[in-house]
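Engineer: quick one, fold the following:
(one chain, ligands or ions: 1)
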Amino acid sequence: MSQSRDAFDAAAHFDAASAMRYDRRIRSFCSSYDALHHISAAWFERLPARAEFLCAGAGTGAEILALGRRFPFWRFTAVDVSRDMTKACRDRVVAAGMADRVACFQGRLQEFRSATSFDAASSIFVSHFIAGREEKLAYFRAVSSLLKPGASFVLADLFGDRASREFEPLLHAWLASYASCEVETPELERDRAHIDNDIAFISERELFDLLNEAGFDAPIRFYQTFLFGGWAMTKRH
Ligand SMILES: C[S@@+](CC[C@H](N)C(=O)[O-])C[C@H]1O[C@@H](n2cnc3c(N)ncnc32)[C@H](O)[C@@H]1O
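Structural biologist: Numbering: from 1, shown residues only. From the prediction side, this is the model:
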C-alpha cells in the first residue's frame, strides 16, 4: 500500500467553490450516484423506526436527504471535515425541513466523539482519499467505535489494484463515460490529475483486511460502477 504521496487535504480541496459545483460534478463523475444512495437504503430496512444514523463524510447531504425521505423517523449525525461542505449540508437539510432531526459537525471523523451509539452508518466516497494503511485503518476503527455491536455499515469508495488486469480498462471506460457528460478538456485534465494524485487505491482484498481489523464482519459487494465499489457489512458483536 503506497504511502509516498503527499497527504490529501480534504478540508482544503472541498472549499466553497468545490462545494458549490459538487452536486453537478459528482453526477458526471459517477453516473450511478443517485442509484447508489437509493440501493444503499435497502441494507438499512431492518433498522428500528427511530434509528440513529451516522453519515461519515456527509458532503452536501445527498445521502441524508435520500435516507431521510425513506425513513421519516430516523435521526442523523453528519460529520465532515470541510467547513464549506458542512455548510452546504446544513443549508440543504434546513431547506428540506429536516433540521430537527439532523445534527451537523465539522471535523475529521477520526476525532469525532459522541454520547450516541449509532444503529448504522455510511461512508460514501470518503476513505479513498485517505492514504496509508494505518490512516485508513484509523478511519474505519473510528467508524466502528461509534457503532453498536451488530450495527449496519455501508461503505462506497474507488477501489482496485493498479497492477491488475482490469484496472486500466475500467479506468479508461470510466474516463470515457465522464468525458461524454460534456466536460471541457481542461476540467478533464484536472480530474485525471486528481485521480492520479489524490486517490489512494487499494485492492478489495486489502480493503477487506482493514475492515476485518476494524471490527466489521464479511463485507458483501452490492454495487460497482467502473472503479467505484459499494459494500454492506455489520459491526462484529
Ligand atoms: C467526495 S465527497 C462525498 C460526500 C458524500 N458522502 C456523497 O456521497 O456525496 C467526500 C467528503 O468526505 C469529506 N472527508 C474526507 N475525509 C474526511 C474525514 N477524515 N472525516 C470527515 N470527512 C471527511 C470531504 O470533506 C468531503 O465532503
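
Engineer: in which helix or strand does the closest residue to Gln110 other than its chain neighbours reside?
Structural biologist: Excluding the flanking residues, the one nearest Gln110 by Cβ to Cβ, 6 or more residues apart in numbering is Ala142, at 4.6 Å. In short, each C-beta sits where N, CA and C put it, glycine included. In this structure, Ala142 sits in helix 133-145 according to DSSP states H and E.

Engineer: need the next SSE after that helix, C-terminal direction.
Structural biologist: Downstream of helix 133-145, the next assigned helix or strand under DSSP H and E is strand 147-158.

Engineer: hmm, back to that, buried residues in the helix holding Ala142, which are they?
Structural biologist: Neighbour counts using 16 or more other Cβ atoms under 10 Å place Arg133, Lys136, Leu137, Tyr139, Phe140, Ala142, Val143, Ser144 of helix 133-145 among the buried residues.

Engineer: follow-up on the earlier one: does the residue nearest to Gln110 touch Gly107 like I think?
Structural biologist: No: assessed by Cβ atoms under 8 Å, Ala142 is found out of contact with Gly107, at 11.2 Å.

Engineer: helices or strands up against the helix holding Ala142?
Structural biologist: Contacts defined by 3 or more Cβ pairs under 8 Å, 6 or more residues apart in numbering; DSSP states H and E place helix 133-145 against helix 204-213.

Engineer: so what strands line up beside the following helix or strand past the helix it packs on?
Structural biologist: Next in sequence after helix 204-213, counting helices and strands by DSSP H and E, comes strand 216-225. For strand 216-225, the paired strands and their directions (DSSP bridges) are strand 228-235 (antiparallel).

Engineer: is the ligand contacted by the partner strand?
Structural biologist: No: figure legend: strand 228-235 not in contact with the ligand (Cβ under 6 Å from any ligand atom); closest approach 10.6 Å.

Engineer: what residues does stretch 167-182 touch?
Structural biologist: Stretch 167-182 has contacts (Cβ atoms under 8 Å, 6 or more residues apart in numbering) with 28-29, 31, 160-161, 188, 191-192, 195, 201, 225-227.

Engineer: pull out the buried positions in that stretch.
Structural biologist: Judged by neighbour count using 16+ other Cβ under 10 Å, the buried positions of stretch 167-182 are Phe167, Leu170, Leu171, Trp174, Leu175, Tyr178.

Engineer: next: stretch 105-115.
Structural biologist: Using 16+ other Cβ under 10 Å as the test for burial, stretch 105-115 gives Gln106, Arg108, Leu109, Gln110, Phe112.

Engineer: return only those of these found close to the ligand.
Structural biologist: Near the ligand, judged by Cβ under 6 Å from any ligand atom, the entries from the buried residues of stretch 105-115 are Arg108, Leu109, Gln110.
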